[in-house]
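okay, here's the prediction I keep looking at, along with the sequence it came from:
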Amino acid sequence: MPAGSSPKRERQYEHIKEGAEKRGASTGRAKEIAARTVNKERARSGESKSASKTSTRDRKSASQRGGERSHSGAQGPTKDQLYEEAKKKNVEGRSSMNKQELRQALGR
């Protein structure tokens, strides 16, 4: 955390870091996730000296977004995420499908 951070941001950082570690992230990765999230929140609320355009222009904060954009990159959702969606939709034969087949069955 940057020097001079408020106690609220310190608590937020620890909370996010612990959550990431519980989900299986390494300690270093958990610290990175927490620092980036807290720094973005600081930028949005005007607590930092500088901020990126994406930090200030987003309509939702990272905590409100709740991973909404995760896995929307080049490879899209993971096979496990596709499988869970197929399970909810009762897709027949989903257990023997690969990622591409799951995508097709879900109409993606």
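Right, received. Where do you want to start? Numbering: from 1, shown residues only.

got the domain ranges for this protein?
Each domain of the chain is listed here as a residue range: 7-65, 71-108, per automatic domain parsing.

can you put the ones you listed in a markdown table and add mean pLDDT and mean neighbour count?
C-betas here are computed from N, CA, C, even on glycine. Formatted as a markdown table, the domains of the chain follow (pLDDT from 0 to 100; neighbours: other Cβ atoms under 10 Å):
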| stretch | mean pLDDT | mean neighbour count |
| --- | --- | --- |
| domain 7-65 | 82 | 14 |
| domain 71-108 | 87 | 13 |
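
now do the helices in the protein.
Assigned by DSSP state H, the chain shows helices spanning 7-22, 27-44, 53-57, 62-65, 79-88, 99-105.

any idea of the angle the first one forms with helix 27-44?
What it means is helix 7-22. Here helix 7-22 points in a direction 140 degrees away from that of helix 27-44 (axes from the mean of the first three to the mean of the last three Cα atoms, to 10 degrees).

by contact count, what packs against helix 7-22?
With contacts taken as 3 or more Cβ pairs under 8 Å, 6 or more residues apart in numbering; DSSP states H and E, helix 7-22 sits against helix 27-44.
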